[in-house]
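Asks: take this sequence and fold it.
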Amino acid sequence: MSDEQHGEPSEGEHPEGAASGRELSELDLAVLALERRSFSGPGAKERAVRERLGMTPTRYYQLLGALLDDARALAHDPVTVNRLRRIRDARRERR
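Replies: Numbering: from 1, shown residues only. So this is what the prediction gives:
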């Protein structure tokens, strides 16, 4: 009997909703790469978001927020994700 007949996914397949089964998209990786960079002045990061990723800063920060809660992003770049989580948590505590 195959794994599928036992209700388990076969190799290379993952149950629906299993985020760990999918790899990060190219866009996800680009967002993390942009977060690793430092920017020289006001507006430089927003300009880079528009030019390199072709999206608004608002959409960028929405994607980034979702990535911070994604175990795949943490596994891919733990230093960046943990740094951004600390910043986010500190901002939430100040409210």
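
Asks: where does the chain have low pLDDT?
Replies: Scanning the chain with the threshold set as pLDDT under 70 gives 1-21.

Asks: helices or strands up against the longest helix belonging to it?
Replies: Secondary structure assigned by DSSP state H gives helix 78-94 as the longest helix of the chain. When contacts are defined as 3 or more C-beta pairs under 8 Å, 6 or more residues apart in numbering; DSSP states H and E, helix 78-94 packs onto helix 26-36, helix 57-68, helix 71-76. Heads up, the C-betas are built off the backbone N, CA and C, glycines and all.

Asks: reformat these as a markdown table; add mean neighbour count.
Replies: Formatted as a markdown table, the entries for the helices and strands packed on helix 78-94 read as follows, by neighbours: other C-beta atoms under 10 Å:
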| stretch | mean neighbour count |
| --- | --- |
| helix 26-36 | 15 |
| helix 57-68 | 15 |
| helix 71-76 | 15 |
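
Asks: and of those, who's closest to residue 42?
Replies: Residue 42 sits nearest to helix 57-68 of all the helices and strands packed on helix 78-94, at 12.5 Å, using C-beta to C-beta.

Asks: list the contacts of that closest one.
Replies: Residues outside helix 57-68 that contact it (C-beta atoms under 8 Å, 6 or more residues apart in numbering): 27-28, 31-32, 34-35, 45-46, 49-50, 53, 55, 73, 81, 84-85, 88.

Asks: got the angle for it vs helix 78-94?
Replies: Calculated by axes from the mean of the first three to the mean of the last three C-alpha atoms, to 10 degrees, helix 57-68 forms an angle of 110 degrees with helix 78-94.

Asks: how distant is helix 57-68 from the center of its chain?
Replies: Centroid separation between helix 57-68 and its chain, computed with C-alpha atoms, centre = their mean, to the nearest Å, is 8 Å.
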